[in-house]
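Visitor: structure, please.
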Amino acid sequence: MGARILVVDDSPTIRKVVASILAEGAFEPLLAGDGQEALELLSVEAVDLVLLDFVMPRMNGYQFCREIRAVPNLRHLPVVLMSAKGDRIRGQFVSQTGALDAITKPFDRRGLLAVVDAALKKHADGREPPIPEPDAMPADEAALESLRPSRNLSGDPKLRRLQAAQEFAQAVARLVVPELKRLDTASLRAVAPDRLESAFQRALGPEAIDALASFVSAGGFGRDPREVLSGELSAISIAEVLQLLDLQQQSGALIVRTPKEEVTLFLRGGAVDFARYEGQREEFRIGRYLVEDGAVSRADCERVLSEGEAGLFGERLIGQGLSNETAVRRALERQTSELVYEVVRWKSGQFSFAPGVEDPVAAKASLSLESGSLVMEGFRRVDEWRLIEGSFDFDEVLYPDPVAIERLGSEANLTKQEQAVLDAIDGEHTIREIVDAMGGSSFELCKIVFQFLNSRLVRRRAA
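Guide: This is a model prediction of the structure:
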């Protein structure tokens with residue numbers, strides 16, 4: 001028998017099919033129905049690779065990875081995710097857990113064996129991604145997605161507060177109890193206070209607190225008295241909110257947030273004067289727009305950023321003679337517009353509007369972008385996004401077709417950005433990795449990939 005492969009999936013059918021394929025490929029399969037069962041098996045059996053489902057009872061795939069990363073002899077155990085086609089957190093799982101790869105269910109025999117062989121070779125060659133410390137791994141995305149108040153809260157304010165408080169307590173328990181179980185003790189009274197405190201800190205990180213905020217707003221706790229409108233994007237889209245505020249010619253701050261991102265739109269008479277972004281994505285930084293417009297070089301942009309001086313970035317560029325007010329204003333218009341397009345696309349999160357709130361940067365920018373036009377362009381992009389997202393998997397690896405590219409030759413007339421995307425498609429990096437590395441608009445970059453696929457300049461892995 002070849003390598004020993006542990007298959008962890010709550011579906012008996014999936015376990016049976018995968019085990020059969022592995023056995024035919026001369027591997028030795030071991031089976032577990034969820035993460036907890038897999039951990040128990042690993043305490044008595046040695047394996048070479050884990051094929052791991054994500055959504056499982058008792059202990060899901062993410063929680064399983066946190067556990068093995070905390071055990072010295074299991075810390076470097078290679079993991080491959082068996083992901084459903086529509087799994088939105090697949091890419092995050094791979095990057096945040098140190099997993100080697102992911103394969104989409106349903107899969108065929110050749111595809112599964114190819115992924116297993118590649119993962120074992122990558123592990124043997126020492127070409128693994130960095131293994132994260134378990135305490136540094138972000139909060140479980142699946143758990144955060146489940147943290148939403150029920151839609152059956154009472155209309156009576158007093159009863160609603162009581163119901164929201166009870167659901168809040170239950171949600172906190174769902175986050176904290178797994179961390180307490182990790183303390184591996186029969187009695188919490190024997191656990192040192194600092195260990196208990198650390199467990200709570202791990203469970204209730206920024207993402208978890210953001211998710212729990214929905215219970216607070218649902219019950220009316222701690223609400224900003226200036227807010228006159230708030231709600232869930234799953235029930236009311238931000239496009240409808242913007243249309244309402246435009247119709248009423250409202251002025252103030254519209255905040256739209258998810259567990260990882262927050263956009264504040266400053267309105268004046270219903271028009272958008274300025275947008276502020278908080279999050280991890282570089283594509284919404286103003287420097288990107290200035291570099292793309294040729295208003296400042298990337299080197300100068302990075303140098304000014306590294307200086308860390310106080311003041312707005314655009315004003316610092318102007319002050320050093322590296323740009324001018326016209327270029328900065330154009331970059332602000334592009335940045336604000338794309339942030340509106342982005343929040344129009346969000347399907348979950350919270351929004352709140354506080355009238356009369358002013359901001360000095362927004363007052364100085366005074367972009368006065370028409371909400372209706374922004375919303376219509378946002379809708380157009382949403383339609384294109386759906387078409388693009390339905391055409392490929394973001395964790396898919398694409399290959400350039402040399403014959404098709406040579407045949408096109410000088411007739412290609414590719415833009416600089418299109419050529420850069422084509423050069424980046426190398427048969428090794430996923431679409432997500434290419435988009436993240438290029439740092440431009442994810443919408444524009446994915447649109448180019450979509451066009452390349454349709455024109456056959458790039459292709460998928462041969463079946």
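Visitor: which positions in stretch 276-293 come out as buried?
Guide: 276, 277, 283, 284, 285, 286, 287, 288, 289, 290, 291, 292 (16 or more other C-beta atoms under 10 Å). C-beta: built from backbone N, CA, C; applies to glycine.
Visitor: export that stretch to PDB, keeping only CA atoms.
Guide: This file holds the C-alpha atoms of stretch 276-293, laid out as PDB (Å, rounded to 0.1, in the frame of the first residue of the first chain):
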ATOM      1  CA  ARG A 276     -14.000  56.400   3.300                       C
ATOM      2  CA  TYR A 277     -12.800  52.700   3.400                       C
ATOM      3  CA  GLU A 278     -11.600  50.600   6.200                       C
ATOM      4  CA  GLY A 279     -10.400  47.100   5.500                       C
ATOM      5  CA  GLN A 280      -7.500  45.000   4.200                       C
ATOM      6  CA  ARG A 281      -8.000  45.300   0.400                       C
ATOM      7  CA  GLU A 282      -5.300  47.500  -1.300                       C
ATOM      8  CA  GLU A 283      -7.400  48.000  -4.400                       C
ATOM      9  CA  PHE A 284      -9.400  50.800  -2.700                       C
ATOM     10  CA  ARG A 285      -6.400  52.800  -1.600                       C
ATOM     11  CA  ILE A 286      -6.200  56.200  -3.300                       C
ATOM     12  CA  GLY A 287      -2.600  55.600  -4.300                       C
ATOM     13  CA  ARG A 288      -3.700  52.900  -6.700                       C
ATOM     14  CA  TYR A 289      -5.800  55.300  -8.700                       C
ATOM     15  CA  LEU A 290      -3.100  57.900  -8.800                       C
ATOM     16  CA  VAL A 291      -0.600  55.400 -10.100                       C
ATOM     17  CA  GLU A 292      -3.000  54.000 -12.700                       C
ATOM     18  CA  ASP A 293      -3.700  57.500 -13.900                       C
END
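Visitor: other residues contacting that stretch?
Guide: 260-264, 266, 296-298, 301, 305, 313-314, 317, 323, 327-328, 330-332, 334-335, 338-339, 342, 359, 361, 439-442 (C-beta atoms under 8 Å, 6 or more residues apart in numbering).
Visitor: avg pLDDT for that stretch?
Guide: Mean pLDDT, stretch 276-293: 82.
Visitor: please apply the same query to stretch 301-308.
Guide: 79.
Visitor: make a ChimeraX selection of the buried ones in the contacts of stretch 276-293.
Guide: Only the buried entries of these go into this ChimeraX selection, using 16+ other C-beta under 10 Å:
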select :260,261,262,263,264,266,296,301,313,314,317,323,327,328,331,332,334,335,338,339,342,439,440,441,442
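Visitor: wait, doesn't residue 53 sit right on residue 14?
Guide: Yes. Using C-beta atoms under 8 Å, residue 53 is in contact with residue 14, at 7.2 Å.
Visitor: more neighbours, the two?
Guide: residue 53 (26 against 18; other C-beta atoms under 10 Å).
Visitor: what's downstream of the helix or strand hosting residue 288, the next helix or strand?
Guide: For residue 288, the host element (DSSP states H and E) is helix 286-292. Sequence-wise, the next helix or strand downstream of helix 286-292 (DSSP H and E) is helix 298-307.
Visitor: can you give me the strands in the stretch 151-300 of the chain?
Guide: 229-232, 252-257, 262-268, 271-278 (DSSP state E, counting those that start in this stretch).
Visitor: okay, and the helix or strand of the protein with the least pLDDT?
Guide: When each helix and strand of the chain is scored by mean pLDDT, DSSP states H and E, helix 141-145 comes last, with a mean of 52.
Visitor: coming back round to it: worst mean pLDDT among the strands of the stretch 151-300 of the chain?
Guide: Among the strands of the stretch 151-300 of the chain, strand 229-232 carries the lowest mean pLDDT (a mean of 86).
Visitor: paired strands for it, with orientation please.
Guide: strand 350-355 (antiparallel) (DSSP bridges).
Visitor: now the strand it pairs with, how far from the centre of its chain.
Guide: Here strand 350-355 is found 23 Å from its chain centre; the criterion is C-alpha atoms, centre = their mean, to the nearest Å.
Visitor: wait, residue 359 touches residue 253, no?
Guide: Yes. At 7.1 Å, residue 359 counts as touching residue 253 under the criterion of C-beta under 8 Å.
Visitor: mutual contacts of those two, please.
Guide: With C-beta under 8 Å, 6+ apart as the test, residue 359 and residue 253 both reach residue 266.
Visitor: that older thread, which of the buried residues of stretch 276-293 sits closest to residue 119?
Guide: Closest to residue 119 out of the buried residues of stretch 276-293 is residue 283 (30.6 Å), distances taken as C-beta to C-beta.
Visitor: residue 245 touches residue 269, doesn't it?
Guide: No. Using C-beta under 8 Å, residue 245 is not in contact with residue 269, being 9.7 Å away.
Visitor: which one of the two is surrounded by more residues?
Guide: residue 245 (23 against 13).
Visitor: pLDDT at that one, what is it?
Guide: For residue 245, pLDDT reads 92.
Visitor: and residue 139, by the same measure?
Guide: 54.
Visitor: what's the answer for residue 222, then?
Guide: Looking at residue 222, the pLDDT reads 57.
Visitor: next: the one 3 residues further on.
Guide: Model confidence at residue 225, given as pLDDT, is 56.
Visitor: hang on, the earlier thing: overlap in contacts of residue 53 and residue 14?
Guide: residue 82.
Visitor: first residue to last residue on stretch 116-134, what's the distance there?
Guide: End-to-end span of stretch 116-134 (C-alpha to C-alpha, to the nearest Å): 25 Å.
Visitor: buried stuff in it?
Guide: 116, 119, 120, 123, 132, 134.
Visitor: residues in contact with the first one?
Guide: If you count contacts by C-beta under 8 Å, 6+ apart, residue 116 has them with 3, 5, 22, 25, 27, 49, 51, 80.
Visitor: what's the answer for the fifth one, then?
Guide: Contacts of residue 132 were listed using C-beta under 8 Å, 6+ apart, and they are 69, 96, 97, 98.
Visitor: the last one contacts residue 123, correct?
Guide: No. Contact status for residue 98 versus residue 123: not in contact, 11.2 Å apart, counting by C-beta under 8 Å.
Visitor: what's the mean pLDDT across stretch 332-346?
Guide: On average, stretch 332-346 scores 91.
Visitor: so what touches it?
Guide: So stretch 332-346 is contacted by 233, 237-239, 242, 256, 258, 263, 265, 272, 274-275, 277, 284, 286, 289, 293, 314, 365, 367, 369, 371, 374-375, 377-379, 381-382, 385, 441, 443 (C-beta under 8 Å, 6+ apart).
Visitor: kindly format the C-alpha coordinates of it as CSV.
Guide: The C-alpha trace of stretch 332-346 is given here as CSV (Å, rounded to 0.1, in the frame of the first residue of the first chain):
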residue,chain,number,x,y,z
LEU,A,332,-11.0,60.6,-5.2
GLU,A,333,-13.9,60.4,-7.7
ARG,A,334,-12.7,57.0,-9.0
GLN,A,335,-12.2,55.8,-5.4
THR,A,336,-15.6,56.9,-4.2
SER,A,337,-17.4,55.6,-7.3
GLU,A,338,-15.8,52.2,-7.0
LEU,A,339,-16.6,52.0,-3.3
VAL,A,340,-20.3,52.7,-4.1
TYR,A,341,-20.2,50.0,-6.8
GLU,A,342,-18.7,47.6,-4.2
VAL,A,343,-21.3,48.1,-1.5
VAL,A,344,-24.1,47.8,-4.0
ARG,A,345,-22.8,44.3,-4.6
TRP,A,346,-22.7,43.3,-0.9
